[in-house]
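1. kindly return the folded structure for what I paste below:
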Amino acid sequence: MRFEILGPLQATDGSAAIDLGGPKQQRVLASLLAAPIPLSVDRLMDEVWADQPPATASHIVRTYISNLRKVLGDRIVSDGRHYGLDTCGDTIDASDFTGALNDARAAFPTAPERTARLLHDAERLWRGRPFGDLATGTTVIANRAVELEELRVQSSELLVAAKLALGLHEQVIPYLEVLTREHPLNEGLHQHLMLALYRSARQAEALRAGWDLRNRLAEEFGIEPSAGIRRLEDRILLQDPTLESLPTHERPAV
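-> Coordinates of the predicted model:
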């Protein structure tokens, strides 16, 4: 069986889609997939109804569990007070993604081509917001969604670093422009954008990207950008020739 959470929740058995029931029942399954430990009925109630469970919420949750057992079998496990999901022998798209990201980290920087290939394949696993709309108004599911989205940003940073190492600076600029708009305070992405612009003979735009970040950090937090950003600004101003092809140990951190 395969569970997919990098987008709206779905499960398949071979090529056949599994009927997971309505949104509230799916939220129970999503909670079990998201939680690192088994969850109590009370915790599941909170995930399904937030702070306004009906009087019969405990019974309804157990009904959802029973319904899920009919389609998932003994994957739903319980010690009598808590419920969990045993996915041993199954696959989960999020696990595939994190595995590819770890492999890519191990491959970089000695094998940037392999790094880029692994991350391109990993990106294809994403279909949208983790768990889709099921994460709205939850705690366990929403926290796991945030973790996965942060891993996706890290994957994007590493992919850009690999492409910069391959000399594909012009190719990554449009991608980085989108990413820096989506994550305006991410210094690693801005650092990559500055370097890509500079290597594309766009020195003024590279400096402007740094200034934009500097202004945003000052306005929102009253702080300066990191030492890495400041050093890169100085090197761009001085047209440091080593920026054209950074040695491995000087490539932007990811």
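2. and the gap between residue 32 and residue 44?
-> Taking C-beta to C-beta, to the nearest Å as the measure, residue 32 and residue 44 are separated by 8 Å. Where you see a C-beta, it was placed from the backbone N, CA and C, and this is true even at glycine.
3. now the common contact residues for the two.
-> Both residue 32 and residue 44 are in contact with residue 83, where contact means C-beta atoms under 8 Å, 6 or more residues apart in numbering.
4. point out where the stretch 1-150 of the chain drops to low pLDDT.
-> Counting by pLDDT under 70, the stretch 1-150 of the chain has no low-confidence residues at all.
5. all helices for it, in order.
-> The residue ranges that make up the helices of the stretch 1-150 of the chain, judged by DSSP state H, counting those that start in this stretch, are 23-34, 41-49, 57-72, 93-107, 112-123, 140-165.
6. rebuild the ones you listed as CSV, extending it with mean neighbour count and distance to residue 230.
-> Converted to CSV, the helices of the stretch 1-150 of the chain look like this (neighbours: other C-beta atoms under 10 Å; distance: least, C-beta to C-beta, whole Å):
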stretch, mean neighbour count, distance to residue 230
helix 23-34, 23, 39
helix 41-49, 20, 44
helix 57-72, 17, 53
helix 93-107, 17, 26
helix 112-123, 19, 26
helix 140-165, 20, 19
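7. mind putting those helices into JSON lines with distance to residue 218?
-> Shown next, in JSON lines, are the helices of the stretch 1-150 of the chain (distance: least, C-beta to C-beta, whole Å):
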{"stretch": "helix 23-34", "distance to residue 218": "37"}
{"stretch": "helix 41-49", "distance to residue 218": "39"}
{"stretch": "helix 57-72", "distance to residue 218": "48"}
{"stretch": "helix 93-107", "distance to residue 218": "32"}
{"stretch": "helix 112-123", "distance to residue 218": "33"}
{"stretch": "helix 140-165", "distance to residue 218": "23"}
